[in-house]
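**Student:** The amino acid sequence is not available; the structure is as follows:
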Ligand code: NPQ
Ligand code: MG
C-alpha cells in the first residue's frame, strides 16, 4: 500500500469530571488524530499524547513534529508498505513509541478496511464482549470518592481502580473496602509516586486484598519493583515501565511484576501489544488493557485487543461516557459491565464528520 497524504488533527474534548492522578490533573482531553490516505482507502488512529510531558515523555507538539519531519516521510518513501513493516521502516528513529504506534494503527486500519477484516479478527479475538473496569481519579474527599465508586458500580463496572499517592493511599483503599465489601474487585495505581523507602507503607495495603498494585515506583526502576514485589503479598503490576516486548521480558525474568498493564500506545502499537500478550501468556502472567483517555478510535482498538485470551482481568477500557459527554465516534456503551468488541472492518468505527469538526482545533496535511 502507498501512503499519499497524512492528515493530522488536534482535537479538544472536555471531560465529564476532572481526572487527577499522582502526576497530573486534567479537565479536558487534547489529543492528536492521524488519518492516512492510501491508494486503497483511509485509515484512522488516535495518538493519545498529552499537551505536556508529565505522564509520558512524549507530548503533543513533539509527536506532531517527529511525524511531520521524520516518520511520515520515511513511510511515504517505503515501497510495498504494510502495517506489519511499519515498525521496521521507522526503526532508525529512536523512541517516539506513541507517534509510531499511531501511524502503525492508521496503516493497519486502512489495510484491514480494504480486506474487510476487523482489528479483533486480525489480532486473534476469542470473545465478542469484554468485561471492563473503571479508573477513579483522586477526588477532594473520601465522601466524594465513595459517591463516585457507588455511581460506577451502579452503572455495572466490574472492577474499580483507585488512583493513589503518598498521603492518599491507605485511607481511601480502606474506606472503599469497608463500604463495598470483600468481593469488590479493587486495585490501586500510584503512577510512579513512591520510592523504595515507602515499602513499609505500601505493605500496609496488603491487608485490603487488592487485585494488584500498579506502578508504585519510577518507570525505569525494574530492580526496585522486583525487591518490592518480594516484600508485598499484593501482586505488583507494571504500567509506565513496560515500553516494549523486550522490557516486558526483562520485567518477568526479574520478578518485577506478576501482572502487566498493556497500553498499545506506550509499547509502540497493537502488534507490539500482541507480542507482550503472547509473552505473558507463555509465562502464565495475566494482562489487562490500560487506558489513556482515548477517543472512540483508540477505545475501539483497545477493546479489540482486550478480546485476546490472555486479557483475563478487566481493563481500563471504560465506556465513552466515563470521560466524554459526546465522543468523536459513536459511543461505546456499557452492557452489564461489558463492552461489545467492534466487528466491522478495521477499527469498526469512524469519526462522525460534524462532531470531528466541532472539536478540531488545528489541522495539517503532510504530502
Ligand atoms: C494509568 N490511565 O493507568 C492511566 C493514567 C493516564 C485510565 O487510569 C496521556 C498519557 C494521558 C498518559 C491519561 C487511567 C493519560 C496517561 C491517564 C495516563 O496510569
Ligand atoms: Mg497506570
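**Tutor:** That came through, no problem. Computed from a prediction, not measured in an experiment: that's the story for all the values here. Ligands and ions are numbered 1, 2, ... in the order given.
**Student:** Check what pLDDT the nearest residue to residue 43 once chain neighbours are set aside gets.
**Tutor:** Closest residue to residue 43 apart from its sequence neighbours, by Cβ to Cβ, 6 or more residues apart in numbering: residue 110 at 2.9 Å. The way it works is simple: take the backbone N, C-alpha and C, and place the C-beta from them, glycine included. The model reports residue 110 with a pLDDT of 98.
**Student:** quick check, the helix or strand hosting residue 110 touching ligand 1?
**Tutor:** Assigned by DSSP states H and E, residue 110 falls within helix 97-115. No. Using Cβ under 6 Å from any ligand atom, we find that helix 97-115 stays clear of ligand 1, coming within 8.1 Å at best.
**Student:** list the helices and strands whichever helix or strand comes after that helix packs on?
**Tutor:** With elements assigned by DSSP H and E, the helix or strand that comes after helix 97-115 is helix 119-123. Taking 3 or more Cβ pairs under 8 Å, 6 or more residues apart in numbering; DSSP states H and E as contact, the helices and strands that helix 119-123 lies on are helix 97-115, helix 270-282, helix 296-305.
**Student:** tell me the SS of residue 292?
**Tutor:** coil (DSSP: H, G, I helix; E, B strand; the rest coil).
**Student:** Could you check how many residues crowd around the residue nearest to it when sequence neighbours are not counted?
**Tutor:** For residue 292, ignoring the flanking residues on the chain, the nearest one in space by Cβ to Cβ, 6+ apart is residue 48 at 3.8 Å. Neighbourhood size, residue 48 [other Cβ atoms under 10 Å]: 28.
**Student:** For the residue in the stretch 51-200 of the chain positioned nearest to ligand 2, give me its contacts.
**Tutor:** Residue nearest to ligand 2 within the stretch 51-200 of the chain: residue 189 (4.4 Å; Cβ to the ion). By Cβ atoms under 8 Å, 6 or more residues apart in numbering, the contact list for residue 189 reads 21, 135, 161-164, 213-215, 239.
**Student:** Is it bridged to anything, and to what?
**Tutor:** residue 163, residue 214 (DSSP bridges).
**Student:** one step back: hey, which of the helices and strands packed on helix 119-123 is tucked in deepest?
**Tutor:** helix 296-305 (a mean of 28; mean count of other Cβ atoms under 10 Å).
**Student:** Could you measure from the most centrally placed residue in the chain over to residue 315?
**Tutor:** Residue closest to the average C-alpha location in the chain (Cα atoms, centre = their mean): residue 291, at 3.0 Å. According to Cβ to Cβ, to the nearest Å, residue 291 and residue 315 sit 7 Å apart.
**Student:** what sits in contact with each of the two?
**Tutor:** Joint contacts of residue 291 and residue 315 (Cβ under 8 Å, 6+ apart) are residue 302.
**Student:** wait, doesn't residue 199 sit right on residue 229?
**Tutor:** No. Distance between residue 199 and residue 229: 10.5 Å, which falls outside the contact criterion (Cβ atoms under 8 Å).
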